[in-house]
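>>> fold the stuff below for me.
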Amino acid sequence: EAVTATSRAVTHAGTVPAANSNAVASRAVNAGSRSVAEGEVVKITYSGSGILSVPQSSLPANYDARKLSIEREGRPVTALSATQEGLVLYAPGYSDDYTDRDVFFARISADNTAVAAHANVAGLFSQPAATSVPVTASTTYHDVYFDWSLRPYSYPPWFSNQYLSDNSTRSFALNLPGALSDAASVSVNVWSLTGDEHTLQALLNGTALGEVTWFGDGQFLAVRFDIPAGAAANGANVLELRTPAATSTRISLVHSIDVQYTRSLSGNAAFSFTAPASRIYELSGAGNGWWIVETATGAQPGTETTDG
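Numbers count the residues shown, from 1 in each chain. Coordinates of the predicted model:
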């Protein structure tokens with residue numbers, strides 16, 4: 001994986017006892033250019049998932065990236081790299097209905113920072129390499145946390161503030177990096193708030209995707225539309241959702257939008273994909289200094305590097 005984690009912040013996190021060590025009383029100040037007391041920790045906060053760079057300059061003055069003990073969820077973490085310039089960590093990410101932030105905890109250690117072994121890739125040309133992969137681009141909305149003027153109160157909490165109501169057209173920006181011209185599909189995950197018949201029409205970049213009808217309120221459903229070949233653009237896209245006029249009031253709330261499309265493995269931008277271990281993939285257009293990280297479910301990430 002090679003997705004750049006975002007919204008990094010390094011702050012003083014007080015005293016957090018570590019296994020087989022005695023934490024000292026809290027007497028340090030905020031992380032940054034100042035020092036943190038021995039036995040105390042700093043909290044590295046991020047969102048997203050992928051490769052997380054923690055510059056030495058963002059750590060407390062008495063912290064050396066090469067002499068740290070790092071934990072996540074109470075378990076030791078092995079860094080991808082630890083140099084005088086800073087740390088490089090694999091950040092798996094975390095999100096739920098209430099937060100999209102995850103944290104690492106770091107404390108000063110007498111030992112060297114644990115670093116994963118790097119291996120050179122071999123046997124790349126034993127079978128044809130894939131140059132594209134199927135991916136899903138998901139966009140979630142956190143504009144509205146329960147609308148107390150609407151019932152019921154038991155639906156998933158976060159929604160877009162662009163309600164799908166009678167005789168309206170709502171526009172949603174979607175980013176599809178590396179999208180090829182192949183056919184694709186989009187699922188609009190909505191909460192059907194009101195009863196009676198609901199009708200929803202979709203257009204992607206001005207191309208009509210069709211119309212879907214459903215009945216009833218109090219239900220969470222995925223409304224799926226097929227995207228014809230050539231309709232999706234590489235990068236910025238606009239999805240329009242139209243609700244025709246009706247004789248009764250109809251309201252649906254957009255929780256998230258998922259686009260399933262084919263992505264090219266080309267370009268100098270970070271990304272991730274899931275693939276069978278038996279396949280070989282060719283990435284082109286990557287610049288110098290790239291990290292390629294391979295992870296397996298439930299396993300510590302390993303890294304592979306190659307000269308070409």
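>>> measure the closest residue in space to Pro228 that isn't next to it in sequence to Ile227 for me?
Excluding the flanking residues, the one nearest Pro228 by Cβ to Cβ, 6 or more residues apart in numbering is Ala183, at 6.0 Å. No exception for glycine: its C-beta is placed from N, CA and C like everyone else's. Separation of Ala183 from Ile227 (Cβ to Cβ, to the nearest Å): 6 Å.
>>> more neighbours: the two, which one.
Ile227 (25 against 15; other Cβ atoms under 10 Å).
>>> ok, now which ones touch the residue nearest to that one when sequence neighbours are not counted?
In this structure, Ile227 finds its nearest non-sequential neighbour in Ala184, 4.1 Å apart by Cβ to Cβ, 6+ apart. Ala184 makes contact with Asp226, Ile227, Ala231, Ala232, Val259, Gln260, Tyr261, Thr262 under the criterion Cβ atoms under 8 Å, 6 or more residues apart in numbering.
>>> now, the residues you listed that are in strands?
If you go by DSSP state E, the contacts of Ala184 have Asp226, Ile227, Val259, Gln260, Tyr261, Thr262 in strands.
>>> nearest to Thr213, of these?
If you rank these by distance to Thr213 using Cβ to Cβ, Asp226 comes first, at 15.9 Å.
>>> surely that closest one and Val212 touch.
No: the criterion here is Cβ atoms under 8 Å, and Asp226 misses it with Val212 at 11.0 Å.
>>> so for the two, which residue has more residues nearby?
Between Asp226 and Val212, Val212 has the larger neighbour count (other Cβ under 10 Å), namely 15 against 12.
>>> what's the one helix or strand that one maps to in contact with?
Element membership of Val212 [criterion: DSSP states H and E] is strand 207-215. Residues outside strand 207-215 that contact it (Cβ under 8 Å, 6+ apart): 186, 192, 195-203, 221, 223-228, 231.
>>> can you tell me the SS state at the nearest residue to Ala82 once chain neighbours are set aside?
Nearest residue to Ala82, sequence neighbours excluded (Cβ to Cβ, 6+ apart): Thr113, at 3.8 Å. Judged by DSSP: H, G, I helix; E, B strand; the rest coil, the three-state class of Thr113 is coil.
>>> what about the stretch 201-308 of the chain, any weak spots by pLDDT?
Applying pLDDT under 70 to the stretch 201-308 of the chain picks out residues 277, 287, 289, 295-308.
>>> just the strands in it please.
For the stretch 201-308 of the chain, the strands defined by DSSP state E, counting those that start in this stretch occupy 207-215, 219-227, 235-243, 251-264, 292-294, 302-305.
>>> of all those strands, which one is nearest Gly285?
It's strand 251-264; of those, that one is closest to Gly285 (Cβ to Cβ) at 9.1 Å.
>>> just the strands in the stretch 51-200 of the chain please.
68-72, 75-76, 81-83, 86-91, 101-108, 118-120, 132-140, 144-145, 158-159, 164-165, 168-176, 184-192, 197-204.
>>> can you redo these as CSV with distance to Phe273?
CSV is the format used below for these (distance: least, Cβ to Cβ, whole Å):
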stretch, distance to Phe273
strand 68-72, 23
strand 75-76, 26
strand 81-83, 22
strand 86-91, 15
strand 101-108, 20
strand 118-120, 20
strand 132-140, 5
strand 144-145, 32
strand 158-159, 26
strand 164-165, 31
strand 168-176, 14
strand 184-192, 15
strand 197-204, 22
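>>> ok, Ala179 to Gly235 distance?
7 Å.
>>> from the contacts of Ala184, list just the buried residues.
Neighbour-count burial (16 or more other Cβ atoms under 10 Å) applied to the contacts of Ala184 gives Ile227, Ala231, Ala232, Val259, Gln260, Tyr261, Thr262.
>>> point out where the stretch 51-200 of the chain drops to low pLDDT.
In the stretch 51-200 of the chain, residues with pLDDT under 70: 119-125, 146-156.
>>> now with 80?
Counting by pLDDT under 80, the stretch 51-200 of the chain shows low-confidence ranges at 96-98, 118-127, 145-157, 195.
>>> neighbours of Asp97, how many?
Asp97 has 10 neighbouring residues, counting by other Cβ under 10 Å.
>>> ok, now Asn234?
Count around Asn234 with other Cβ under 10 Å applied: 16.
>>> give the phi and psi angles for it, as a check.
For Asn234, the backbone dihedrals (degrees, to the nearest 10) come out as phi -70, psi 110.
>>> ok, and the closest non-adjacent residue to it?
Distances taken as Cβ to Cβ, 6+ apart place Ala179 nearest to Asn234, at 4.7 Å, with adjacent residues excluded.
>>> state the number of residues packed around the one you found.
Counted by other Cβ under 10 Å, the residues lying close to Ala179 total 23.
>>> for it, name its beta-bridge partners.
Using DSSP bridges, the beta-bridge partners of Ala179 come out as Arg263.
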